[in-house]
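S.K.: Next comes the sequence, and after it the predicted model I'd like to discuss.
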Amino acid sequence: MVNAQDIHFSQVGNSPLNISPALTAVFSGDIRFVGNYKSQWQSVPVNFMTFSGAYEMKFLRKGMPNSMFGGGLIFNYDQAGSGDLSLSQLGLNLGYTHQISKSNFLSAGFQVSANQRMFSPNQLSFDDQFDGEIFNSDLGTQEIFEEPSFTYINYSVGFNWHFQIPEKRTRLDVGFSIFNLNEARQSFFDRSDVVLSKRMHLHGMGSFMVSKKVDVMLLGMMAVQDPYTETILGTGLKYHLNQTMTKELSVQFGLSYRVGDAIIPNVEIDFRNSIRVGVSYDVNMSNFTEATNGKGSPEFSIIYTLNKVAPLDKKKICPLY
């Protein structure tokens, strides 16, 4: 059995819909835009480029004072190698959050996505294009590709527990998710023998105030997709430079470790609790170091959160922070 693999980002907390459908609309605010870009292994021929863009919003109902619905759209695009092997994905996320106490929230989420995989045969070279002396790209090839692209539908689910004490700047998210529930066929030839294996996530992300101006950030994620496992552990310090309302400004310095693969230093700037920009770099430490000379991948993220102004006679419900 041969298995296809999913995309991944190093800035775990800055691509929530790629971590779990249950994180849909689990944030402070009403509307959120998220963008991620990763460029990997530019120093070797088989490089990777990954982009993700997401939009989320909350749906509050007067008759359900302790509950909240959320919806979101996510678009992922990934391209790799000299054949421009690519994945385009457009997903619809639905989430439901129930407040079980002042500080505790339980969420469940579902994602359905339409996907396309394709490659460019004219970007590849083959043995029969060797004319006896040199390689000649103008020569025809006997290689025939009947289906250089195909589409499929994918389903995923997730669950999350959110804990918060806003006055102490404390929050914690812990949960699990299962992507690719239907294990869609993936081969460009006979799709009966290649499947997109289920990907199971365990995640934990928290922020804890240790002084008036300093928070400690912790994160952990394990992704299991046969036959591979990815584990990322990270920590950071967030320093609040300005805590004046509407002028909030903070900077965060962090360090993560992808077990057996890379060390990932990262920096984030948060302005007015509405715009967060993150930059990280994977320093390769795996056996691939000989080919990359330790060069891994830069990654960029931006998160923009909007808060709607509600009429004075309305009370906001299910207050997630």
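M.R.: Received, thanks.

S.K.: Pretty sure residue 222 sits against residue 233.
M.R.: No. No contact is recorded between residue 222 and residue 233 when judged using C-beta atoms under 8 Å, the distance being 9.4 Å. Yep, even glycine has a C-beta here, placed from its N, CA and C like the rest.

S.K.: Helices of the stretch 1-150 of the chain, residue ranges please.
M.R.: Defined through DSSP state H, counting those that start in this stretch, the helices belonging to the stretch 1-150 of the chain, from first to last, are 16-19.

S.K.: pLDDT below threshold where in it?
M.R.: Within the stretch 1-150 of the chain, the segments meeting pLDDT under 70 span 1-5, 41-47, 127-144, 146.

S.K.: ok, which stretches of it are strands?
M.R.: With DSSP state E, counting those that start in this stretch as the definition, the stretch 1-150 of the chain shows strands at residue ranges 2-4, 31-40, 48-59, 67-80, 85-99, 104-118, 149-165.

S.K.: and residue 215, which of those strands is closest to it?
M.R.: Taking C-beta to C-beta as the measure, those were each checked against residue 215, and strand 149-165 came out nearest at 12.3 Å.

S.K.: could you check the angle strand 104-118 makes with that closest one?
M.R.: An angle of 160 degrees separates the directions of strand 149-165 and strand 104-118 when computed by axes from the mean of the first three to the mean of the last three C-alpha atoms, to 10 degrees.

S.K.: packing partners for strand 149-165?
M.R.: For strand 149-165, the elements it packs on are strand 85-99, strand 104-118, strand 170-179, judged by 3 or more C-beta pairs under 8 Å, 6 or more residues apart in numbering; DSSP states H and E.

S.K.: who does the last one touch, helix- and strand-wise?
M.R.: With contacts defined as 3+ C-beta pairs under 8 Å, 6+ apart, strand 170-179 has these neighbours: strand 104-118, strand 149-165, strand 199-209.

S.K.: Just the CA coordinates for the last one, please, in PDB.
M.R.: Read that as strand 199-209. C-alpha atoms of strand 199-209 as PDB (Å, rounded to 0.1, in the frame of the first residue of the first chain):
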ATOM      1  CA  ARG A 199      -4.300  12.100   9.600                       C
ATOM      2  CA  MET A 200      -4.900  12.200  13.300                       C
ATOM      3  CA  HIS A 201      -4.000  15.300  15.300                       C
ATOM      4  CA  LEU A 202      -3.500  15.900  19.000                       C
ATOM      5  CA  HIS A 203      -3.000  19.500  19.900                       C
ATOM      6  CA  GLY A 204      -2.400  21.700  22.900                       C
ATOM      7  CA  MET A 205      -1.800  25.500  22.900                       C
ATOM      8  CA  GLY A 206      -1.700  27.800  25.900                       C
ATOM      9  CA  SER A 207      -0.900  31.300  27.100                       C
ATOM     10  CA  PHE A 208      -0.200  32.000  30.800                       C
ATOM     11  CA  MET A 209       0.500  35.300  32.500                       C
END
